[in-house]
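Undergrad: sequence and predicted structure are below.
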Amino acid sequence: MSKKIILLADDDTDDTEMFCEALEEINENITCHCAENGNEAWKILNEITEKPQLIFLDLNMPVMNGWDCLKLVKNEPVYKDIPVIMISTSSHKNDIERASQLGSICYLVKPNSFNGLKQLLRVITSNLGTNLRETLINLKESDPDHIFICEGNQ
């Protein structure tokens, strides 16, 4: 089985630890690069030899927030095709619309349980690649309060 690479940018240490622990329990062939802000995420993206199959960006981070990092990723030809999922504790309609406009594939309200996160990540990481959008649409049907599909993004 080939290694899957994910990049996570989130300044909340507890959320990052829970995310990484969930990934480890799901599949030991997943490498998760973690950053505390968008600036660190951008630096990691430019330093790693293999591009991630998926990027998770928290909205509100110091130094560089998720919005500015998303803009950088989507404006760089080398990275623009990497799917990005915006994550936040809020489900404000304006944030969801902005995520869609800036090129995110999905907006995810952080699950408040470890098992909820683990189940979500299991399904997402098992479908990286061409089935990701369809998988997210199916997930939204089962969890409409936490998953929002960004329209017009592949």
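TA: Perfect, thanks for sending it.

Undergrad: pLDDT value on the most centrally placed residue in the chain, please?
TA: The C-alpha lying nearest the average C-alpha coordinate of the chain belongs to Phe56 (C-alpha atoms, centre = their mean; 2.0 Å). Phe56 carries a pLDDT value of 94.

Undergrad: my guess is Ile48 meets Ala35, correct?
TA: No: shown here, Ile48 and Ala35 do not form a contact pair, counting by C-beta atoms under 8 Å, at 11.2 Å. In short, each C-beta sits where N, CA and C put it, glycine included.

Undergrad: these two: which is more packed in?
TA: Ala35 (25 against 13; other C-beta atoms under 10 Å).

Undergrad: distance of the more buried one from Leu136?
TA: 23 Å (C-beta to C-beta, to the nearest Å).

Undergrad: hang on, the earlier thing: can you pull the phi/psi pair for the residue nearest to the centre of the chain?
TA: phi -110, psi 130 (degrees, to the nearest 10).

Undergrad: who touches it in this structure?
TA: Counting by C-beta atoms under 8 Å, 6 or more residues apart in numbering, Phe56 makes contact with Ile6, Leu7, Leu8, Ala9, Asp10, Phe19, Val84, Ile85, Ile87, Leu108.
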